[in-house]
Structures are given as structure tokens and as C-alpha cells.
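In: Build me a model from this:
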Amino acid sequence: MCWEVRYPAEAATFYALVDGGMSITKAAAKFGINSSTGSTVYKRMKGTTPMNKQETAPEPISPADYAVPGKGNGEAKNVYAAIERMSYLADLLNREKLLSESELNTCEHVMAMADAFRAGIEYSEAHNE
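Out: Modelled structure (predicted):
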């Protein structure tokens, strides 16, 4: 998951600081993130804030796009853990400047789809036990 999704209050404050004129490097240091991650967060938030009317909705995912197991056995927790590991890996690769913006966006898209899949599994687990 993206930093701004995990820490929405901190992300809002970070965005306000940078939007108010503070350098991304200084604002990022206040929140313990590196400037590369800060820049990525700021760009994503700038593109999705209602202030500039450029909200972008994620692609809709229909139930036909994935199959939900009948019995969960805690599978949703396993998927969530895998998403967290992927998020960590994407952040690490981004910090080391090994991902282009397009590749980072692809990682985030895949994690969003995986999270939708996890939500389906949670629903299935709750209704099949």
C-alpha cells in the first residue's frame, strides 16, 4: 500500500507543507521518508486532490475478473501480508531509483487489484463459515 494510504493524516500534512512552499526534501524528512518517496507521494496526491479537479477513479473491478475461494482458512490475511511485502519491495526499489514512474504506477495498480481480491476473499470467508 502507498504511504499516503497507510498514513492519511500525515500525508495530508505533508502535502500541505509542500504545497505551501516547503521543499519536498525537508517535508519528507519530517515524516521519516526519503525525498524520492516524498516526490512520488506529492505527485500522486497532487493528481488526486479535489482542489485541482483532476480526480482519477481506479479501474472498476468486477467479480468476473477474479475467483474467490469457497473456504478461506484465513486466506485474506495471507493475501494482505503478500500485499504488504510487495508494497515494501516497491518502496525499496523506488528509493534505490530502480523503478520508473510507469513501473511504480504498475506496481500500485497490481496492489490495488490484489487488495480488491483480498476484500472478495474476506467477504467469502465471512459468508461461508
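
In: From the contact counts, what lies against the helix or strand hosting Arg85?
Out: Taking DSSP states H and E as the criterion, Arg85 maps to helix 75-95. In terms of contacts (3 or more CB pairs under 8 Å, 6 or more residues apart in numbering; DSSP states H and E), helix 75-95 is packed against helix 35-48, helix 101-127. Every C-beta, even on glycine, is put in place using the N, C-alpha and C of the backbone.

In: buried stuff in that helix?
Out: In terms of neighbour count (16 or more other CB atoms under 10 Å), helix 75-95 has its buried residues at Glu75, Ala76, Val79, Tyr80, Ile83, Met86, Ser87, Ala90, Asp91, Asn94.

In: Stretch 1-14 now?
Out: So, applying 16+ other CB under 10 Å, buried residues of stretch 1-14: Met1, Cys2, Trp3, Glu4, Tyr7, Glu10, Ala11, Phe14.

In: Other residues contacting that stretch?
Out: Under the contact criterion CB atoms under 8 Å, 6 or more residues apart in numbering, stretch 1-14 has outside partners 15, 27-28, 30-31, 33, 37-38, 41-42, 44-45, 83-84, 87, 91, 108, 111, 115.

In: of those, buried ones?
Out: If we count by 16+ other CB under 10 Å, the contacts of stretch 1-14 have these buried: 15, 27-28, 31, 33, 37-38, 41-42, 44-45, 83, 87, 91, 108, 111, 115.

In: So which of the helices and strands packed on helix 75-95 has the densest surroundings on average?
Out: helix 35-48 (a mean of 18; mean count of other CB atoms under 10 Å).

In: quick one on the thing from earlier: which of the buried residues of stretch 1-14 fall within helices?
Out: If you go by DSSP state H, the buried residues of stretch 1-14 have Trp3, Glu4, Glu10, Ala11, Phe14 in helices.

In: between the residues you listed, which is nearest Gly120?
Out: Glu4 (24.0 Å; CB to CB).

In: hmm, back to that, point out the least confident member of the buried residues of helix 75-95, please.
Out: In terms of pLDDT, the lowest of these is Ala76, showing 79.

In: one step back: how many degrees apart are the helix holding Arg85 and helix 101-127 in direction?
Out: Relative orientation of helix 75-95 versus helix 101-127 (axes from the mean of the first three to the mean of the last three CA atoms, to 10 degrees): 170 degrees.
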